[in-house]
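J.: The following comprises the amino acid sequence and a computationally predicted model.
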Amino acid sequence: MELALVIAVVVIALSFDYTNGFHDAANAIATSVSTRALTPRVALAMAAVCNFVGALAGTEVAETIGEGIISIPAGESGLVIVIAALLGAITWNLITWRLGLPSSSTHALIGGLVGAGLASASVVQWSGIVDKVVVPMVLSPVIGFAGAFVLMIAILWIFRRRNPGRTTRGFRMAQSLSAAAVALGHGLQDAQKTMGVIFLALLATGHVNESDGIPLWVKVSAATAISLGTYSGGWRIMRTLGRRIIHLDPARGFASESVAAGVLYVMAIGLHAPVSTTHTITSAVMGAGATKRLSAVRWGVARGIVTAWVLTIPAAGLVAALVYGVAHLILQ
């Protein structure tokens, strides 16, 4: 029974990774596609490759997810907690994807872990959640908005006397690099979260020790799943992020992507914090767009997105708690 549950955890975790890929494909490429810097299929292929490379670039975030959110009991009961957490996160991902809302797969997973942990009376590491989740969750969109706003002001000043057509073409080309940088950061952040969950299950069953690190097969399978999901696309969310918030020009697309990529790298490599790529790029888009004028940003759409952000952790946690309750009754 335990082996079957381990296999189930791996399959469900990789399914979550796949939904994460198509749910968050827009993070890396929506602005580049909307400014016509890249065609949709070329952008998706580039994002998929960069996701794969980024997923293999480190394990800091995976270790935070695997060891810093909840402490689960050994054996089958621990595996059921992990399965419930994953199903809660997948459910919320599918709901927000259907509605076209760029919510956070990261916070859906963390909400699922906390909800299942509370329902099972496991130890929730609140200090780790505050330090590694709540504080970065607040800081990353603030830095994304402010950083993109400041960078775009600098771009406007530096290029104020340049030929507009030539400048636009230059930034359209530069967006290929900035979009790739965001996709790399997305893999560095989001694929590692799935690695962390699988590692958590392997710890619960004694297949690995904390000192062993993430097995290579876990890294490769998670990187592959998120890349395939990314290539399948997330067109509903792409429309929201690329056009409904604000119609970006290439310079503003470059500014928002560059700042978002920088935030993702610093949070992953420097702070080992699992931040939301969705929150970061969306707030950066708003910041760059606000340099036109504040009214240029469709704040009504932005308000709906922020509402989804606020609901993500409790909603995913509630679903995970319900799944755990049903599973616990069945397995008793």
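T.: Cool, the structure landed. Numbers count the residues shown, from 1 in each chain.
J.: from memory residue 327 sits against residue 83, does it?
T.: Yes. Shown here, residue 327 and residue 83 form a contact pair, counting by CB atoms under 8 Å, at 7.0 Å. (Glycine included, C-beta is placed from N, CA and C.)
J.: If you count surrounding residues, which of these two has more?
T.: residue 83 (24 against 20; other CB atoms under 10 Å).
J.: give the contact list for that one.
T.: Counting by CB atoms under 8 Å, 6 or more residues apart in numbering, residue 83 touches 5, 8, 9, 12, 323, 327.
J.: how much space is there between the last one and residue 109?
T.: The span separating residue 327 from residue 109 equals 18 Å under the rule CB to CB, to the nearest Å.
J.: before we move on, the earlier item: who wins on neighbours among the contacts of residue 83?
T.: Neighbour max across the contacts of residue 83 (other CB under 10 Å) = residue 9, 25 neighbours.
J.: Can you tell me which of the contacts of residue 83 is nearest residue 252?
T.: Of all the contacts of residue 83, residue 252 sits closest to residue 12, with 38.7 Å by CB to CB.
J.: Isn't that closest one up against residue 90?
T.: Yes. In this structure, residue 12 is within contact of residue 90 by CB under 8 Å, at 7.4 Å.
J.: give me phi/psi at residue 162?
T.: phi -80, psi 160 (degrees, to the nearest 10).
J.: how many neighbours does it have?
T.: 11.
J.: show me what contacts it?
T.: Applying CB under 8 Å, 6+ apart, no residues qualify as near residue 162.
J.: Please work out how many residues are found near residue 128.
T.: With other CB under 10 Å as criterion, residue 128 counts 14.
J.: same question, the one 5 residues further on
T.: The tally of other residues near residue 133 (other CB under 10 Å) stands at 24.
J.: I'd assumed it was in a helix, is it?
T.: Yes. The assignment for residue 133 by DSSP: H, G, I helix; E, B strand; the rest coil puts it in a helix.
J.: Tell me which helix or strand the closest residue in space to it that isn't next to it in sequence sits in.
T.: Leaving aside its sequence neighbours, residue 133 sits nearest to residue 110 (CB to CB, 6 or more residues apart in numbering; 5.7 Å). Assignment of secondary structure by DSSP states H and E places residue 110 within helix 105-119.
J.: Would you mind listing the buried residues in that helix?
T.: 105-117, 119 (16 or more other CB atoms under 10 Å).
J.: Make JSON lines from the residues you listed and add distance to residue 159 to it.
T.: JSON lines is the format used below for the buried residues of helix 105-119 (distance: CB to CB, whole Å):
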{"residue": "105", "distance to residue 159": "36"}
{"residue": "106", "distance to residue 159": "35"}
{"residue": "107", "distance to residue 159": "37"}
{"residue": "108", "distance to residue 159": "39"}
{"residue": "109", "distance to residue 159": "40"}
{"residue": "110", "distance to residue 159": "40"}
{"residue": "111", "distance to residue 159": "42"}
{"residue": "112", "distance to residue 159": "45"}
{"residue": "113", "distance to residue 159": "46"}
{"residue": "114", "distance to residue 159": "46"}
{"residue": "115", "distance to residue 159": "48"}
{"residue": "116", "distance to residue 159": "51"}
{"residue": "117", "distance to residue 159": "51"}
{"residue": "119", "distance to residue 159": "55"}
